[in-house]
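have a look at this fold, sequence not included:
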């Protein structure tokens, strides 16, 4: 099955809840060679933890954003469970992470409060999905 970039974006907009993926106004670009780029606004509620939340309180009130633009870029891979019939997961191995224009270490995304960063990079997929290929502007799933 092949999905265009537009179809992937429409699917995510309809079926991925804000709790699973903390990004508003999310967009996906299918770069190719397994590389995907996710962009969106990270709501202030997702920054409620001590580290990032305290940084925002240092800003003058008029500068404090209600949301920050975020960009994630990395390779997508399909993880298999160890036992036959285990759930499979689609995982984004983040190689680049930016908030606004500032590029940050990719590991910082996993440090978002409440584990929201970790949930954003790993999704369950049906067991019937055998493989996944990212080509420019399209995503190809192969079924068992």
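Structure received. The structure presented is a predicted model; accordingly, all values stated were derived computationally and were not measured.

show me the shaky parts of the protein.
Scanning the chain for pLDDT under 70 picks out 16-22, 44-66, 81-85, 111-120.

in it, which spans are strands?
Using DSSP state E, the strands of the chain run over 2-4, 24-32, 35-43, 67-79, 88-99, 102-104, 122-125, 129-135, 138-143.

got those strands as CSV, with mean neighbour count columns?
C-betas here are computed from N, CA, C, even on glycine. Shown next, in CSV, are the strands of the chain (neighbours: other Cβ atoms under 10 Å):
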stretch, mean neighbour count
strand 2-4, 12
strand 24-32, 16
strand 35-43, 19
strand 67-79, 17
strand 88-99, 17
strand 102-104, 11
strand 122-125, 13
strand 129-135, 14
strand 138-143, 15
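
any idea which of those strands gets closest to residue 14?
Each of the strands of the chain has some distance to residue 14 by Cβ to Cβ; the shortest is strand 24-32, at 11.6 Å.

so what are the sheet partners of the closest one and their directions?
Using DSSP bridges, the strands paired with strand 24-32 are strand 35-43 (antiparallel).

do you know how far residue 142 is from residue 76?
The gap separating residue 142 from residue 76 is 14 Å, by Cβ to Cβ, to the nearest Å.

separation between residue 1 and residue 97?
The gap separating residue 1 from residue 97 is 30 Å, by Cβ to Cβ.

no wait, residue 121
From residue 121 to residue 97 the distance is 10 Å (Cβ to Cβ).

now swap in residue 39 and tell me
Relative to residue 97, residue 39 is positioned 11 Å away (Cβ to Cβ).

check contacts around the closest residue to residue 32 other than its chain neighbours.
Nearest residue to residue 32 in three dimensions, chain neighbours excluded: residue 136, at 3.9 Å (Cβ to Cβ, 6 or more residues apart in numbering). Contact partners of residue 136, counting by Cβ atoms under 8 Å, 6 or more residues apart in numbering, are 30, 31, 32.

test my guess that residue 11 contacts residue 3.
Yes - using Cβ atoms under 8 Å, residue 11 makes contact with residue 3 at a distance of 7.2 Å.
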